[in-house]
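Colleague: This is a predicted model, with the sequence first.
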Amino acid sequence: MSPRAVAVNVGANTNEPGFRAPVFADGSFAFVPIPESEPTAEPVPTYGDLAPSLPVDLTAVADTPVHLDPEFAGYPGCERHTYGDPYGVKARPLADLERGDWAFFYATLDTADDPPAWQPPDWGAYLIGGFRLAREPVTDWEALAESERAVFANNAHVKRAEMDAAVLLHGDEGGLFERAVPLSSPTGGTDANRLVTDLSSDSGKGPWWRRPMRFDPEATATLREVIETRAFDEWLR
(Lines give C-alpha, C1' and ligand atoms only; values in the text may rest on other atoms or scores of the structure.)
Protein backbone atom coordinates (compact mmCIF):
# COMPACT_ATOMS: atom_id res chain seq x y z
CA MET A 1 0.00 0.00 0.00
CA SER A 2 1.30 3.46 -0.88
CA PRO A 3 2.19 5.60 2.13
CA ARG A 4 -0.02 8.30 3.55
CA ALA A 5 1.09 11.24 5.66
CA VAL A 6 0.04 13.61 8.42
CA ALA A 7 1.68 17.00 9.02
CA VAL A 8 1.49 18.70 12.44
CA ASN A 9 2.61 22.05 13.80
CA VAL A 10 5.68 22.12 16.06
CA GLY A 11 8.34 24.49 17.31
CA ALA A 12 8.74 27.93 18.80
CA ASN A 13 5.95 30.43 18.24
CA THR A 14 4.76 33.79 19.51
CA ASN A 15 3.05 32.14 22.50
CA GLU A 16 5.85 29.75 23.50
CA PRO A 17 8.53 31.02 24.11
CA GLY A 18 7.35 34.34 22.62
CA PHE A 19 9.18 34.37 19.29
CA ARG A 20 9.47 32.41 16.06
CA ALA A 21 12.64 30.92 14.65
CA PRO A 22 14.01 32.49 11.45
CA VAL A 23 13.93 31.38 7.83
CA PHE A 24 16.49 32.89 5.47
CA ALA A 25 16.36 33.89 1.80
CA ASP A 26 18.05 30.66 0.67
CA GLY A 27 15.46 28.56 2.52
CA SER A 28 17.75 27.59 5.40
CA PHE A 29 16.15 27.96 8.81
CA ALA A 30 16.47 27.23 12.50
CA PHE A 31 14.35 24.69 14.34
CA VAL A 32 13.75 25.98 17.87
CA PRO A 33 11.61 23.81 20.18
CA ILE A 34 9.04 25.13 22.64
CA PRO A 35 9.84 25.37 26.37
CA GLU A 36 9.31 22.36 28.62
CA SER A 37 6.16 23.10 30.61
CA GLU A 38 6.04 20.00 32.84
CA PRO A 39 8.26 18.52 35.58
CA THR A 40 10.80 16.03 34.23
CA ALA A 41 12.19 12.87 35.75
CA GLU A 42 15.66 13.57 34.38
CA PRO A 43 17.54 16.62 33.09
CA VAL A 44 16.60 18.01 29.68
CA PRO A 45 18.50 20.47 27.47
CA THR A 46 18.09 24.23 27.86
CA TYR A 47 17.96 26.85 25.14
CA GLY A 48 21.50 27.72 26.19
CA ASP A 49 22.59 24.16 25.36
CA LEU A 50 21.15 24.51 21.85
CA ALA A 51 22.35 28.07 21.23
CA PRO A 52 25.86 27.29 19.89
CA SER A 53 24.32 25.26 17.05
CA LEU A 54 21.57 27.70 16.05
CA PRO A 55 21.59 31.07 14.19
CA VAL A 56 19.30 32.56 16.85
CA ASP A 57 19.96 34.79 19.86
CA LEU A 58 18.61 32.71 22.75
CA THR A 59 20.25 34.73 25.52
CA ALA A 60 16.96 35.82 27.08
CA VAL A 61 15.79 32.21 27.53
CA ALA A 62 19.19 30.51 27.90
CA ASP A 63 18.35 28.86 31.23
CA THR A 64 14.88 27.67 30.20
CA PRO A 65 14.51 23.89 29.65
CA VAL A 66 13.24 22.89 26.22
CA HIS A 67 10.63 20.36 25.14
CA LEU A 68 12.80 18.75 22.46
CA ASP A 69 10.06 17.15 20.39
CA PRO A 70 10.09 16.10 17.60
CA GLU A 71 13.45 14.46 18.06
CA PHE A 72 15.54 14.47 14.86
CA ALA A 73 18.69 12.35 14.76
CA GLY A 74 21.63 14.71 14.27
CA TYR A 75 20.00 17.68 15.99
CA PRO A 76 21.67 18.72 19.28
CA GLY A 77 20.52 16.51 22.15
CA CYS A 78 18.69 14.04 19.88
CA GLU A 79 19.40 10.36 19.28
CA ARG A 80 16.70 9.09 16.90
CA HIS A 81 13.67 10.25 14.96
CA THR A 82 10.79 10.23 17.47
CA TYR A 83 7.72 12.29 18.24
CA GLY A 84 5.09 12.19 20.98
CA ASP A 85 1.88 14.10 21.49
CA PRO A 86 -0.65 14.17 24.35
CA TYR A 87 -3.36 16.15 22.57
CA GLY A 88 -6.16 14.32 20.80
CA VAL A 89 -6.44 16.83 17.96
CA LYS A 90 -2.96 15.83 16.77
CA ALA A 91 -2.59 12.41 18.38
CA ARG A 92 -5.68 10.92 16.68
CA PRO A 93 -4.62 11.46 13.05
CA LEU A 94 -1.07 10.40 13.88
CA ALA A 95 -2.33 7.24 15.58
CA ASP A 96 -4.17 6.35 12.37
CA LEU A 97 -0.88 6.08 10.47
CA GLU A 98 0.82 2.75 9.84
CA ARG A 99 4.38 1.54 9.48
CA GLY A 100 5.82 3.00 6.28
CA ASP A 101 3.62 6.11 6.40
CA TRP A 102 5.12 9.57 6.92
CA ALA A 103 4.90 12.10 9.72
CA PHE A 104 5.77 15.62 8.58
CA PHE A 105 6.33 18.63 10.79
CA TYR A 106 5.77 22.28 10.01
CA ALA A 107 6.55 25.44 11.94
CA THR A 108 5.77 29.12 11.69
CA LEU A 109 9.00 31.00 10.93
CA ASP A 110 9.89 34.69 10.75
CA THR A 111 11.27 36.04 7.48
CA ALA A 112 14.82 37.01 8.40
CA ASP A 113 16.03 38.65 5.16
CA ASP A 114 14.55 40.66 2.33
CA PRO A 115 12.16 37.95 1.14
CA PRO A 116 12.64 36.29 -2.23
CA ALA A 117 9.56 35.94 -4.41
CA TRP A 118 8.51 32.65 -2.80
CA GLN A 119 8.53 33.87 0.82
CA PRO A 120 5.82 35.90 2.59
CA PRO A 121 7.05 39.28 3.82
CA ASP A 122 6.80 38.81 7.61
CA TRP A 123 6.26 35.19 8.60
CA GLY A 124 4.93 31.98 7.17
CA ALA A 125 4.28 28.29 7.79
CA TYR A 126 6.92 25.91 6.43
CA LEU A 127 7.54 22.19 6.36
CA ILE A 128 10.78 21.73 8.29
CA GLY A 129 11.19 17.95 8.68
CA GLY A 130 9.63 14.52 8.63
CA PHE A 131 10.26 10.83 8.91
CA ARG A 132 8.91 7.50 7.72
CA LEU A 133 7.41 5.38 10.50
CA ALA A 134 9.63 2.44 11.38
CA ARG A 135 6.82 0.77 13.34
CA GLU A 136 3.14 1.18 14.08
CA PRO A 137 2.32 4.23 16.25
CA VAL A 138 2.49 3.46 19.96
CA THR A 139 -0.79 4.20 21.74
CA ASP A 140 -0.39 1.85 24.71
CA TRP A 141 2.83 2.65 26.57
CA GLU A 142 2.15 0.14 29.31
CA ALA A 143 2.03 -2.71 26.80
CA LEU A 144 5.55 -2.02 25.51
CA ALA A 145 8.42 -4.30 26.52
CA GLU A 146 11.43 -2.62 28.10
CA SER A 147 13.46 -3.15 24.93
CA GLU A 148 10.78 -1.34 22.92
CA ARG A 149 10.58 1.50 25.44
CA ALA A 150 14.32 2.07 25.08
CA VAL A 151 13.76 3.41 21.55
CA PHE A 152 11.79 6.31 23.03
CA ALA A 153 13.99 6.91 26.09
CA ASN A 154 15.22 10.28 24.81
CA ASN A 155 11.81 11.57 23.76
CA ALA A 156 10.66 14.64 25.70
CA HIS A 157 7.36 13.06 26.77
CA VAL A 158 9.08 9.97 28.12
CA LYS A 159 11.48 12.19 30.09
CA ARG A 160 8.59 13.88 31.88
CA ALA A 161 7.86 12.90 35.47
CA GLU A 162 4.68 11.35 34.12
CA MET A 163 4.79 10.01 30.56
CA ASP A 164 1.81 11.75 28.96
CA ALA A 165 1.95 11.05 25.23
CA ALA A 166 -1.23 9.64 23.74
CA VAL A 167 0.82 8.57 20.71
CA LEU A 168 4.52 7.98 20.13
CA LEU A 169 6.15 7.68 16.71
CA HIS A 170 9.52 6.20 15.78
CA GLY A 171 10.98 6.89 12.35
CA ASP A 172 13.83 5.57 10.26
CA GLU A 173 14.22 7.43 6.95
CA GLY A 174 13.99 11.23 7.06
CA GLY A 175 14.95 13.97 9.49
CA LEU A 176 15.23 17.73 9.71
CA PHE A 177 15.27 19.36 6.27
CA GLU A 178 18.16 21.53 5.09
CA ARG A 179 15.72 23.93 3.42
CA ALA A 180 12.18 24.83 4.45
CA VAL A 181 9.26 24.18 2.10
CA PRO A 182 6.59 26.92 2.22
CA LEU A 183 2.98 26.17 3.06
CA SER A 184 2.09 29.88 3.07
CA SER A 185 1.67 31.91 -0.10
CA PRO A 186 4.00 34.82 -0.84
CA THR A 187 1.08 37.16 -0.16
CA GLY A 188 1.19 36.50 3.59
CA GLY A 189 1.65 33.94 6.33
CA THR A 190 -2.07 33.41 6.87
CA ASP A 191 -2.64 32.63 3.18
CA ALA A 192 -2.34 28.89 2.53
CA ASN A 193 -0.77 27.82 -0.74
CA ARG A 194 -1.91 24.90 -2.88
CA LEU A 195 0.21 22.35 -1.04
CA VAL A 196 -2.36 22.87 1.71
CA THR A 197 -5.55 23.56 -0.20
CA ASP A 198 -5.09 21.10 -3.09
CA LEU A 199 -3.12 18.27 -1.47
CA SER A 200 -4.12 18.15 2.19
CA SER A 201 -7.38 17.55 4.02
CA ASP A 202 -7.37 21.18 5.23
CA SER A 203 -9.41 23.92 3.58
CA GLY A 204 -6.80 26.60 4.21
CA LYS A 205 -9.43 28.73 5.92
CA GLY A 206 -9.12 30.11 9.44
CA PRO A 207 -6.01 29.25 11.48
CA TRP A 208 -4.97 26.40 9.22
CA TRP A 209 -1.33 26.81 10.31
CA ARG A 210 -2.20 25.31 13.71
CA ARG A 211 -4.13 22.27 12.50
CA PRO A 212 -3.04 18.75 11.53
CA MET A 213 -3.16 18.02 7.81
CA ARG A 214 -3.81 14.60 6.30
CA PHE A 215 -2.43 13.58 2.90
CA ASP A 216 -3.74 10.59 0.96
CA PRO A 217 -1.28 8.31 -0.90
CA GLU A 218 -1.35 10.29 -4.16
CA ALA A 219 -0.96 13.61 -2.34
CA THR A 220 1.83 12.16 -0.20
CA ALA A 221 3.77 11.10 -3.28
CA THR A 222 3.42 14.59 -4.74
CA LEU A 223 4.37 16.25 -1.46
CA ARG A 224 7.47 14.09 -1.08
CA GLU A 225 8.54 14.97 -4.64
CA VAL A 226 8.12 18.68 -3.90
CA ILE A 227 10.16 18.32 -0.70
CA GLU A 228 12.94 16.40 -2.42
CA THR A 229 13.17 18.63 -5.50
CA ARG A 230 12.01 21.94 -3.98
CA ALA A 231 9.87 22.33 -7.11
CA PHE A 232 7.21 24.31 -5.26
CA ASP A 233 6.84 27.35 -7.53
CA GLU A 234 3.62 26.13 -9.17
CA TRP A 235 2.05 25.51 -5.75
CA LEU A 236 2.56 28.99 -4.31
CA ARG A 237 -0.62 30.58 -5.62
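Modeller: That came through, no problem.
Colleague: I'd guessed L58 sits against G48; true?
Modeller: Yes - using Cβ atoms under 8 Å, L58 is in contact with G48, at 6.7 Å. Bear in mind the C-beta positions are built from the backbone N, C-alpha and C, glycine included.
Colleague: Looking at those two, which one has more neighbours?
Modeller: The neighbour comparison of L58 against G48 (other Cβ atoms under 10 Å) goes to L58, with 21 against 15.
Colleague: Any stretches of this structure with poor pLDDT?
Modeller: Nowhere does the chain drop to pLDDT under 70.
Colleague: let's go with 90 and repeat that
Modeller: Applying pLDDT under 90 to the chain flags the ranges 1, 113, 237.
Colleague: Centroid-nearest residue for it?
Modeller: Note on the chain: the residue nearest the mean C-alpha position is F105, at 2.7 Å, using Cα atoms, centre = their mean.
Colleague: which element is that residue on?
Modeller: Here F105 sits within strand 102-111, counting by DSSP states H and E.
Colleague: What is that strand packed up against?
Modeller: When contacts are defined as 3 or more Cβ pairs under 8 Å, 6 or more residues apart in numbering; DSSP states H and E, strand 102-111 packs onto strand 5-9, strand 21-23, strand 123-133, strand 167-182, helix 217-229.
Colleague: quick one, the fourth one and strand 102-111 angle?
Modeller: Orientation of strand 167-182 against strand 102-111 (axes from the mean of the first three to the mean of the last three Cα atoms, to 10 degrees) gives an angle of 50 degrees.
Colleague: Right, I'll leave it there.
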